[in-house]
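Asks: What would the 3D arrangement of this be:
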Amino acid sequence: MFLQRANRVHAEFRVGAAEMWPQAPGMAAWGLMTGVAMAKSGMGMLEALFMALTVFAGSSQLAATPLLVAGAPAWVVLATAFCVNLRFVVFSLHLRAYLVHLPWLERISHGYLTTDMTYVLFTRRFQHPAEDAAGRRAQEAYLAGSNSVTWVSWMLPSIVGIVLANFIPTAWGLGFAGILCLLGIQCSLATTRLRLLSAAVAAIAAVVAYTLPFKLNIVVAIAVAVLICLGAEKLRPAPAGTAT
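Replies: Got it, this is the predicted structure:
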């Protein structure tokens with residue numbers, strides 16, 4: 001539905017797609033590796049395909065798959081997936097002003113398809129929500145074009161990885177390609193001192209808590225980073241001229 005509306009502004013749709021294409025190889029490698037990991041974890045092909053089509057979040061898939069195979073409690077799987085994707089709550093709060101005028105089904109569609117890179121590129125191009133109908137359609141078109149490339153470059157390789165897992169050797173180093181893709185996203189987002197602090201704290205906490213079962217070090221790292229950064233935010237001096 002939102003793609004039909006976005007196509008009315010062909011220029012911005014094409015711009016969004018064109019700016020996302022350079023990121024496609026990294027996402028494709030990561031999607032292929034995620035599909036292989038799910039297929040080789042012991043999940044059935046139908047279960048892996050269902051997870052790939054519904055979850056559409058590589059970090060959550062990679063975090064939840066070994067927990068499901070290991071028979072971890074449901075709350076551990078859900079908590080891990082929630083914490084890994086907690087950043088999308090922040091993304092959605094920021095994008096609300098851009099999309100609040102849309103019907104709820106279109107907002108849900110955008111929310112499902114928006115990823116780290118689409119969020120970064122979109123907010124870089126449109127720093128403020130449009131105030132007129134033409135500007136809003138342009139922003140929707142750009143986001144739809146970017147999301148379309150992201151979905152295709154992720155979903156197709158992921159399905160290929162699931163179906164052809166036994167023919168894709170792990171020696172190809174696809175996992176490293178996915179890590180490089182994530183590092184690129186992280187570096188593009190680390191634009192303030194507080195964000196750099198959160199990244200450093202999360203990395204240290206994840207290493208310290210590495211021996212915890214069920215990859216709970218991920219949950220610990222996110223919790224510690226959030227708590228410390230919330231404290232640091234409160235300790236920052238107020239801007240000049242702010243009433244006390």
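
Asks: need the longest helix for this protein.
Replies: helix 133-163 (DSSP state H).

Asks: List the buried residues for that one?
Replies: 136-151, 153-155, 157-162 (16 or more other CB atoms under 10 Å). To be clear about C-beta, it is placed using only N, CA and C from the backbone, and glycine gets the same treatment.

Asks: Walking through this structure, point out its helices one by one.
Replies: Using DSSP H, helices in the chain cover 2-6, 10-20, 24-40, 45-55, 58-69, 74-84, 87-99, 104-113, 116-125, 133-163, 174-189, 193-208, 216-235.

Asks: Which of those has the highest mean neighbour count?
Replies: Of all the helices of the chain, helix 24-40 has the most neighbours on average by mean count of other CB atoms under 10 Å, namely a mean of 24.

Asks: for the chain, what are the low-confidence residue spans?
Replies: For the chain, applying pLDDT under 70 flags the ranges 1-10, 168-190, 236-244.

Asks: Quick one: list the elements packing against the longest helix of the chain.
Replies: Applying 3 or more CB pairs under 8 Å, 6 or more residues apart in numbering; DSSP states H and E, we find helix 133-163 packed against helix 2-6, helix 10-20, helix 24-40, helix 45-55, helix 87-99, helix 104-113, helix 116-125.

Asks: Report the inter-axis angle for the last one versus helix 87-99.
Replies: On the basis of axes from the mean of the first three to the mean of the last three CA atoms, to 10 degrees, helix 116-125 is oriented at 40 degrees to helix 87-99.

Asks: Outside of helix 116-125 itself, list whatever touches it.
Replies: 15-16, 19-20, 23, 27, 87, 91, 94-95, 114, 139, 142-143, 146-147, 150, 185, 188-189 (CB atoms under 8 Å, 6 or more residues apart in numbering).

Asks: just the second one next, same as before
Replies: With contact meaning CB under 8 Å, 6+ apart, helix 10-20 is reached by 6-7, 117-118, 121-122, 125, 138-139, 141-150, 153.

Asks: Let's see that with 6 Å instead.
Replies: Ala6, Leu121, Ala138, Ala141, Tyr142, Gly145, Ser146, Val149, Thr150 (CB atoms under 6 Å, 6 or more residues apart in numbering).

Asks: to the chain's geometric centre, what's the distance from stretch 206-215?
Replies: Stretch 206-215 sits 22 Å away from the centroid of its parent chain (CA atoms, centre = their mean, to the nearest Å).

Asks: What of stretch 217-233?
Replies: Distance, centroid of stretch 217-233 to centroid of chain: 19 Å (CA atoms, centre = their mean).

Asks: which residues sit against that stretch?
Replies: Here stretch 217-233 makes contact (CB under 6 Å, 6+ apart) with Ala79, Thr80, Cys83, Leu194, Ser198, Val201, Ala202, Ala205, Ala206, Ala209, Tyr210.

Asks: quick check, nearest of those residues to Leu46?
Replies: Ranked by distance to Leu46 (CB to CB), the contacts of stretch 217-233 are led by Thr80 at 23.0 Å.

Asks: isn't the closest one right next to Ala63, touching?
Replies: Yes: using CB atoms under 6 Å, Thr80 is in contact with Ala63, at 5.1 Å.

Asks: So for Leu235, which of the helices and strands packed on helix 133-163 sits nearest?
Replies: Closest among those, using CB to CB: helix 87-99, at 20.4 Å.
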